[in-house]
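1. A predicted structure for the sequence below; I have some questions about it.
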Amino acid sequence: MRIEYTLKKKDKNTEARHGSIKTNYGEYETPMFMPVGTKATVKGLSKEELAAVGRGIILANTYHLWLRPGEDVIDKCGGLHKFMNYEGPILTDCGGFQVFSLIQNKEKDITEEGAKFKSHLDGTELFLTPEKSIEIQNKLDSDIAMSFDECPPYPVTYDYMKQSVERTIRWAERGKKVHKNDHQALFGIVQGGEFTDLREYSAKETVKLDFDGYSIGGTSVGEPKDVMYKMIEDGVRYLPEDKTRYLMGVGDPIDIIEGVIRGIDIFDCVLPTRIARHGQAFTRTGKINLNNAKYITDMSKLDPECDCYTCQNYSKAYIRHLITTKEMLGGRLLSIHNIRFLIKLTEELRKAIDEDRVLEYREEFIKKYSKKSP
RNA sequence: GCGGCGUUGGUGAAGUGGUUAACACACUGGUUUGUGGCACCAGCAUGCAUGAGUUCGAUCCUCAUACGCCGCC
């Protein structure tokens, strides 16, 4: 069993689709938001807390687990699921994005063979290749592995992007050849930056290699929103209907809606947990900062419409106190809330798709979300 | 009562006879999109105990007053 996508309902007016993914751990509905658990943990949350925010896939990171504790350690411990005691699907990132942020000189350090960069822990020089990335992911034993790609910054020249896209396709092919884990799916990644013809080329060539699902990469690297939305359209257009489409690294609520409208099935993002640790929460009426003095005696919930554990039990005033005193419970409670917020958003999007009212849903959501909260 | 030393923002403090009084913490905002976790960015003393004087110009020099600490009677 690898992974199977089933289209259940397509929105009449957009590319939005409600589907399901059959995994080693059962069937999961899309559109879906995947919380990020980089180092084999969604920062601060237990598996019970994770289960309570909604059913879904979680993401773990190849680069971080390669460094610590090492793929062989996890292999000896019985694989990622057993190691974490997590009985749900796990997707592993390929490490490409970390490489992109750690390399010194992209012209010199990225070669046909792979990418050279320095460890963020101790500066040790490291070299990651498509084969190595897949080999690590095979050992981690995640349910979905990602092809090793280059994620260029924004902006780069057309010529640079062209040769980068071509190399990423060759890397995808090399990775696929060494992929040896028959209960692990392998996804390909579409690159091409903001260049429409390169997105087309990248999508078509990647699809030719026949992966279990496809991802739109190279977004949210500093480009304006309209450029990002166009990147999604330019890539999704050439992807097969019967395979999962994954938009990497996107998790702003409005971006999720825009992605769904353009045919994306799954998303992952550090945003909900990162902003939580810095004291911010998503609410129906916009993002709020719990550090703000105005919440000092505000005994109301973060979001009156939210059904999460945090909103059922704690007030803004208390969470503000935890955040300003740097108590760890604060970041945990906000993480639970923010992840639940995004998962609930995808649940509502599924319903809107079933009712052919995704565009209305977007309009209502944005109208409310853009209003500054009291 | 006498003598010595001191008094800089919410706090700890640096500093200079001459444009915007350093830095840190706290505080007030903002940022964060395939996580280099608890970070980053910005704002925050029209004023240096109070009053008078010297000087072109004083937080800085002089005097007085107040307050604080230390010593002596």
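-> Structure's in. What do you need? Numbering: from 1, shown residues only, chains lettered A, B, ... in the order given.
2. what ranges do the helices span in the stretch 1-150 of chain A?
-> For the stretch 1-150 of chain A, applying DSSP state H, counting those that start in this stretch gives helices covering A:47-52, A:62-67, A:71-76, A:80-84, A:96-102, A:106-109, A:130-140.
3. ignore the last one, the stretch 151-300 of chain A
-> A:158-178, A:196-208, A:225-236, A:253-261, A:271-277.
4. and the helices of the stretch 1-150 of chain A as TSV, adding mean neighbour count and mean pLDDT?
-> C-beta coordinates here come from the backbone N, C-alpha and C atoms, glycine included. Listed next are the helices of the stretch 1-150 of chain A as TSV, based on neighbours: other CB atoms under 10 Å; pLDDT from 0 to 100:
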stretch	mean neighbour count	mean pLDDT
helix A:47-52	15	93
helix A:62-67	23	93
helix A:71-76	16	94
helix A:80-84	19	94
helix A:96-102	21	85
helix A:106-109	12	84
helix A:130-140	24	95
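5. and of those helices, who's closest to A:Glu355?
-> Closest of the helices of the stretch 1-150 of chain A to A:Glu355 is helix A:47-52, at 26.8 Å (criterion: CB to CB).
6. save the helices of the stretch 1-150 of chain A as TSV, and put in distance to RNA strand B too.
-> TSV is the format used below for the helices of the stretch 1-150 of chain A (distance: least, CB to the nearest atom of the strand, whole Å):
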stretch	distance to RNA strand B
helix A:47-52	12
helix A:62-67	6
helix A:71-76	16
helix A:80-84	14
helix A:96-102	4
helix A:106-109	13
helix A:130-140	9
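7. for those helices, which one sits closest to A:Leu271?
-> The nearest among the helices of the stretch 1-150 of chain A, by CB to CB, is helix A:96-102 at 14.2 Å.
8. need the helices of the stretch 151-300 of chain A in a markdown table with mean pLDDT, can you?
-> Shown next, in a markdown table, are the helices of the stretch 151-300 of chain A (pLDDT from 0 to 100):
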| stretch | mean pLDDT |
| --- | --- |
| helix A:158-178 | 96 |
| helix A:196-208 | 98 |
| helix A:225-236 | 96 |
| helix A:253-261 | 97 |
| helix A:271-277 | 94 |
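9. list the contacts of the spatially closest residue to A:Val221 that is not a sequence neighbour.
-> Nearest residue to A:Val221 in three dimensions, chain neighbours excluded: A:Tyr154, at 4.7 Å (CB to CB, 6 or more residues apart in numbering). Residues in contact with A:Tyr154 (CB atoms under 8 Å, 6 or more residues apart in numbering) are A:193-194, A:218, A:221-223, A:227.
10. and if you look at A:Lys316?
-> So, once contact is read as CB under 8 Å, 6+ apart, A:Lys316 ends up touching A:290, A:295, A:298-302.
11. picking up where we left off before, could you dump the helices of the stretch 1-150 of chain A into TSV and include distance to A:Gly263?
-> As requested, those are exported to TSV (distance: least, CB to CB, whole Å):
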stretch	distance to A:Gly263
helix A:47-52	27
helix A:62-67	26
helix A:71-76	34
helix A:80-84	29
helix A:96-102	22
helix A:106-109	30
helix A:130-140	26
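12. which one of these lies closest to A:Arg340?
-> helix A:47-52 (8.1 Å).
13. ok, residues contacting the closest one?
-> Identification of contacts with helix A:47-52 by CB under 8 Å, 6+ apart yields A:35, A:42, A:58, A:84-88, A:308-309, A:332, A:336.
14. let's go with 6 Å and repeat that
-> Outside helix A:47-52, the residues that touch it by CB atoms under 6 Å, 6 or more residues apart in numbering are A:42, A:86, A:309, A:336.
15. repeat that for stretch A:118-127.
-> By CB under 6 Å, 6+ apart, stretch A:118-127 touches A:114, A:116-117.
16. take those residues and keep only those in strands.
-> Counted as lying in strands by DSSP state E, out of the contacts of stretch A:118-127, are A:116-117.
17. neighbour-wise, which of the contacts of stretch A:118-127 leads?
-> A:Phe117 (23 neighbours; other CB atoms under 10 Å).
18. re the thing from before, from RNA strand B, how far off is the residue nearest to A:Val221?
-> To RNA strand B, A:Tyr154 is 11 Å away according to CB to the nearest atom of the strand, to the nearest Å.
19. got it, and A:Gly222?
-> With distances taken as CB to the nearest atom of the strand, A:Gly222 is found 8 Å from RNA strand B.
20. pull the contacting residues for that residue.
-> Contacts of A:Gly222 (CB under 6 Å, 6+ apart): A:Tyr154.
21. rewinding a little: pipe the contacts of stretch A:118-127 into CSV and attach pLDDT and distance to A:Glu173 per row.
-> Below are these laid out as CSV (pLDDT from 0 to 100; distance: CB to CB, whole Å):
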residue, pLDDT, distance to A:Glu173
A:Gly114, 93, 14
A:Lys116, 90, 21
A:Phe117, 89, 22
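22. can you tell me if stretch A:254-266 touches RNA strand B.
-> Yes. Counting by CB under 7 Å from any atom of the strand, RNA strand B is contacted by stretch A:254-266 at A:Asp255.
23. before we move on, back to that, now the two most distant members of the contacts of helix A:47-52.
-> Most distant of those, by CB to CB, are A:Tyr86 and A:Tyr309, 18.6 Å apart.
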